[in-house]
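Q: Let me see the structure of the following:
(chains A and B)
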Amino acid sequence: MNVTVHWEKSWKEEFMTRIERDGPWSNWELYELALESAKALTIPQFDGLQAPKHLPHITILPHQYDVARQVVEQMNGKAILADEVGLGKTIEAGLILKEYMIRGLVKKALILVPASLVSQWVQELNEKFFIPAVAQRKSYVWEQCDVVVSSIDTAKKQPHRDIIYEQTYDIVIIDEAHKLKNNKTKNYEFVQGLKKKFCLLLTATPIQNRVEEIFHLVSLLKPGHLGNAEQFQKRYGKLRTLHDDAHLKELIRKVMIRHRRHDTGIEWTKRHVETMFIDFSEAERNVYETIRQSKPHFSDTSLSHITLLREICSSKEALFCTLKSMMERHPDIETTIGALLQKMNEITEHTKAKKALELIQTINDKVIVFTEYRATQLYLQWFFKQHGISSVPFRGGFKRSKKDWMKELFQHRAQVLIATEAGGEGINLQFCNHVINYDLPWNPMRLEQRIGRVHRLGQTKDVHIYNFVVRNTVEEHVFALLYEKIRLFERVVGELDDILMKLQSPTFSNHLERMIAQSKSEGELKIKMQNFVEILANTEERTHAAR
Amino acid sequence: MQQDDIQSFLERFFIATHCPILERSDGHIRVQLTTEMDKQLMNRPFYWHYVERIGAVGEPLQLSLITKRSIHEQGEYIHFGSPRLHQIFSIAKMNGRFVRLYEQVFERSVALHPWLHTNILLSYECDRKQDRLLSLGIHLISGTIVESFYDVLKEKQWGVTVPDYCFTISPLIKPMSGLARLEAFVERLIASETHEWADGARARWEEDLALLQHFYEGVEEKQEEYENEKEALRQRYEPRIHISVINGGLFYLQAK
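A: Sure, this is the predicted structure:
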């Protein structure tokens, strides 16, 4: 026989003692109740899920049920849960964790999430799933508590790291796992060293830029599933044929589940996207043109030139920060910068900020403003306050408690939350349904992350997205490409994943930056962009054909 | 256990543990806990410690439990997943592990035969799991083993003392060796069965192991990581059957 048998001896020993001492003995009713209790807790079959009947108060959506079932029955407890943003990956992970705990296959669990989400996870696991999860606050928690939630940043530091490495985890769950796409990082190395039986990686964007990213994620989960690094590089690293892709896709399907909004069959609230074009004031235009024409002066890289252009589209405060540090590094361009600074002084008010203010006043409800720049964030906060609008800032760098507090303030006190890019992830704000993209990210995936903060399960109202674009600037070019030609907003994110993966473009935003930087005229840029769009369209066609 | 069964289970539990039921209606009960139950259920060790230290008499709490959502009473809603119910399950399991019972017969001069009965839980585990319950009885005179013995027992009336005018026959087989025979019976049963679930687990294990070996091939410096992963695979897939006794005891019953 192929199985080891283990007898639990404790009953037998205790029974012997009771016979020797002639008791104490229970009565028939207690005997029956004990058996009935045990019966209620038995697992009748390998297949199926027990968890739902323990969780009658949760509405488990069909796609969430399927995910949990597939992970337990077919994927042997190791999976990348890659549903699109807002489809309830946390519920899926909770369901799987609960299932394993009910079955007695998981006792010790480590849950690594962004710092801003620690308390939310703890609360959901306790209240929704009756799983006694604890937030890591003291170092003894690792050893004494069975289900611990922590941020990777805390966990990887000493003394925690060593203690964690001594533990054997039945399951490790990692939220926002796309941060582990690079195998050279400390975080990656840390997770690789964990002793784990089952593992769930949660990410809405399993591939952001390169196909290797998925290799690294899968290798964390199931080393060898996609071969070793060298083979993978050889086979998929360069141009690939369709056949190879189909094969890779099939392999990935064995370890990754991805649902798109449209295949959940759920009635989603609508997205209304509105683009607001803004015309620079004379002073702003003046600064913009000065930077544009002084390209040769900012010769260290053409990228910094583009950065400056993007920044003035956001605020002169953002621009000023970069100029200041440039001046420290390159004293030789002081005169150019000096002249620029003088022109900047003439800007008294930002047209964009005014527009945002007007919009917020008209909306007269909660609004999230996303900006790429911290300086802009500070400026906007000050500016809104001047006009009697309360706002709270939100940044990735905030401590967990501060993030919770800011969310709380936003929900109950302030009208506006101003978030920088890093703050876009890992916070759920379904109670708000207006998003202003004060400046647009150049990586389309990040845009989806932003919108996903509000357009997710639990959102009851239609979601309004306002994109701010300054006319006749680099912003408009990028907008034209990303959001009109590629029609990003109408697309399902997943499709774009596929296309980008086929393209193997180094990174999407790098590609953009280079196109803009290397074009000598508007005309040239337009042609390049047109080409790019055609390549995308071709790839897309092939992707569809391959399905 | 269905939602409708929960209330009667709770009532029986509190009656069996001597907690008076103060109020009851369809979907709601209010119970006065005993000191003992308060200690087991209410999680307030400091209170009891304090009371005992100063030599006072503690006041056990009341518990109001709701089993139907439509009920508008103050109290805890109890459903199959509630931590409270699971707490009660584990107390019930602890309190009813060992018995010695006598069939209540009303005729005179009846000989009661000794049986050893155990409810046994078999857990088949790999990366997945399934349980199975066995209820085995062994006649401690003849050594006859009867399956589903609980079905026989539950038809009868049981008491903790020998009924008047009846007598018990002493076991020829000692309870300990009776138990050993039951264990051997279970092992024979397992050995006689096919275990496709275990074969499947071993196949999955081998498959993953091959991938793992390939991944770390020629990477000397990652030996420790490899060993960790390998051990994790063993823990995940290695098929094993975990056997424990839920409860059991000596039953004296009328020979038929």
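
Q: Surely residue A:385 is in contact with residue A:393?
A: No - counting by Cβ atoms under 8 Å, residue A:385 does not reach residue A:393; the two are 11.6 Å apart. Yep, even glycine has a C-beta here, placed from its N, CA and C like the rest.

Q: and the two? which has more neighbours close in?
A: For residue A:385 and residue A:393, the more surrounded residue by other Cβ atoms under 10 Å in any protein chain shown is residue A:393, and the numbers stand at 20 against 11.

Q: The helix or strand hosting that one: what's the following helix or strand?
A: In the assignment (DSSP states H and E), residue A:393 maps to strand A:391-394. Where DSSP H and E defines the elements, the next helix or strand beyond strand A:391-394 is helix A:400-412.

Q: quick one: buried residues of that next one?
A: A:400, A:403-404, A:406-407, A:410 (16 or more other Cβ atoms under 10 Å in any protein chain shown).

Q: Quick check, residue B:11 in contact with residue B:21.
A: Yes - using Cβ under 8 Å, residue B:11 and residue B:21 qualify as a contacting pair, with a distance of 6.4 Å.

Q: For the residue nearest to residue A:31 when sequence neighbours are not counted, what are phi and psi?
A: Using Cβ to Cβ, 6 or more residues apart in numbering or on different chains and skipping residues adjacent in sequence, the residue nearest residue A:31 is residue B:96, 4.6 Å away. When read as degrees, to the nearest 10, the backbone of residue B:96 gives phi -120, psi 40.

Q: Chain neighbours aside, what residue packs nearest to residue A:406?
A: residue A:392 (4.9 Å).

Q: Tell me, how many residues neighbour residue A:349?
A: Neighbour number of residue A:349 under other Cβ under 10 Å is 11.

Q: Next, it: secondary structure please.
A: Counting by DSSP: H, G, I helix; E, B strand; the rest coil, the backbone at residue A:349 sits in coil.

Q: which residues touch it?
A: Contacts for residue A:349 (Cβ atoms under 8 Å, 6 or more residues apart in numbering or on different chains) come out as residue A:281.

Q: what's the spacing between it and residue B:167?
A: Distance of residue A:349 to residue B:167, given as Cβ to Cβ, to the nearest Å: 105 Å.

Q: Could you chop chain B up by domain?
A: B:3-95, B:99-195+B:241-254, B:196-238 (automatic domain parsing).

Q: hey, least reliable of these by pLDDT?
A: Note on the domains of chain B: domain B:196-238 shows the lowest mean pLDDT, a mean of 89.

Q: what about that domain, distance to the chain center?
A: 34 Å (Cα atoms, centre = their mean, to the nearest Å).

Q: cool, and stretch A:443-452?
A: What separates the centre of stretch A:443-452 from the centre of its chain is 9 Å, taken as Cα atoms, centre = their mean.

Q: Check stretch A:176-185 too.
A: 12 Å.

Q: Ok, stretch A:190-201 next?
A: 19 Å.

Q: Show me what counts as buried in that stretch.
A: Buried-residue list, stretch A:190-201, by 16+ other Cβ under 10 Å: A:190-192, A:194-201.

Q: Just these: which are in strands?
A: Among the buried residues of stretch A:190-201, DSSP state E puts A:196-201 in strands.

Q: now, which of those sits nearest chain B?
A: residue A:197 (4.7 Å; Cβ to the nearest Cβ).

Q: that older thread, adding mean neighbour count and distance to chain A, write the domains of chain B out as CSV.
A: CSV is the format used below for the domains of chain B (neighbours: other Cβ atoms under 10 Å in any protein chain shown; distance: least, Cβ to the nearest Cβ, whole Å):
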stretch, mean neighbour count, distance to chain A
domain B:3-95, 16, 3
domain B:99-195+B:241-254, 17, 4
domain B:196-238, 15, 3
